[in-house]
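J.: Build me a model from this:
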Amino acid sequence: DDGSVRTSGLSLLVANAGVGFGIQKERRETEDGFEMRFGVNHLGHFLLVNLMLPELHAAPRARVVVVSSSLHAGGMGNGPCSLDFDDMQLIKPGAYEVGKAYRQSKLANLMFTRELQRRLTASGCSSVTACALSPGFIPQTGLGREAGVLGRFFMQWVLDGLLKWAGLVRFTRTVEQGATCIVLCVTAAADGGGYFELSADGDDIVPAAASAESKDQAKAERLWELSQGMVGLRA
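T.: Here you go, the predicted structure:
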């Protein structure tokens with residue numbers, strides 16, 4: 001016994017695993033047969049959190065933090081992002097595009113977080129809360145590992161290097177800033193179901209802009225039920 005305070009259960013779960021966007025054009029699947037980004041970025045988190053809920057409930061206080069992205073709303077030269085429930089796996093001819101797959105998975109992250117919090121509240125649980133965050137664009141992580149040699153060089157040495165040093169680029173974040181955003185979402189009094197980003201001065205978290213689609217409760221419920229079926233969880 002080292003004298004530390006010990007509690008039962010799990011007090012924190014950060015869902016941060018992810019496959020980013022890249023230059024490959026072919027559609028790929030996980031070992032379970034899911035489209036790679038939807039399977040890893042959303043379904044993996046969905047299954048893990050649900051399996052760990054008993055441990056989270058056993059803790060005096062617990063929080064689930066899900067790492068989403070501002071790209072959930074669209075971006076990368078594309079229009080608004082929405083989920084196609086008739087083709088969630090992007091199997092239809094011409095449906096697959098790696099950026100689209102990534103954006104949809106990040107939208108699913110945010111919708112899952114909101115629906116998780118809604119279900120926790122509806123069940124009368126006040127000891128477990130869930131929130132999501134956008135860490136910002138961080139070129140120095142492995143998220144762009146599939147962007148190719150030239151793509152990684154541009155992101156890490158030109159965009160986040162030379163152009164940032166010259167003051168021409170201000171939107172990239174450092175690894176430390178991304179980690180700080182996660183830590184603050186864990187430790188701050190963040191509202192359950194909220195979506196946050198790091199403040200301009202880097203000292204706090206502030207509400208982040210979320211798309212209208214991400215706030216659609218009916219679609220969030222449908223995504224939850226669809227995800228349950230895909231990973232084999234009982235309703």
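
J.: Output the contacting helices and strands for the lengthiest helix in the chain.
T.: Criterion DSSP state H: the longest helix present in the chain is helix 98-122. Packing partners of helix 98-122 (3 or more CB pairs under 8 Å, 6 or more residues apart in numbering; DSSP states H and E): helix 36-37, helix 44-58, strand 62-67, strand 128-133, helix 217-231. Any C-beta I mention is one placed from the backbone N, CA and C, and that applies to glycine too.

J.: Give the buried residues for the last one.
T.: In this case it means helix 217-231. For helix 217-231, burial by neighbour count (16 or more other CB atoms under 10 Å) applies to K219, A220, L223, W224, S227, M230, V231.

J.: Mind exporting the C-alpha coordinates of stretch 224-233 to CSV?
T.: Extracted in CSV, the C-alpha atoms of stretch 224-233 (Å, rounded to 0.1, in the frame of the first residue of the first chain):
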residue,chain,number,x,y,z
TRP,A,224,-26.5,4.5,-32.4
GLU,A,225,-29.0,1.7,-33.3
LEU,A,226,-27.1,1.0,-36.6
SER,A,227,-23.8,0.9,-34.8
GLN,A,228,-25.2,-1.5,-32.2
GLY,A,229,-26.2,-3.9,-34.9
MET,A,230,-22.9,-3.6,-36.7
VAL,A,231,-20.7,-4.4,-33.6
GLY,A,232,-23.2,-7.0,-32.2
LEU,A,233,-24.3,-5.2,-29.1
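
J.: From the buried residues of helix 217-231, pick the one nearest S199.
T.: A220 (26.9 Å; CB to CB).

J.: ok so, going back, among the buried residues of helix 217-231, which one sits closest to E26?
T.: M230 (21.7 Å).
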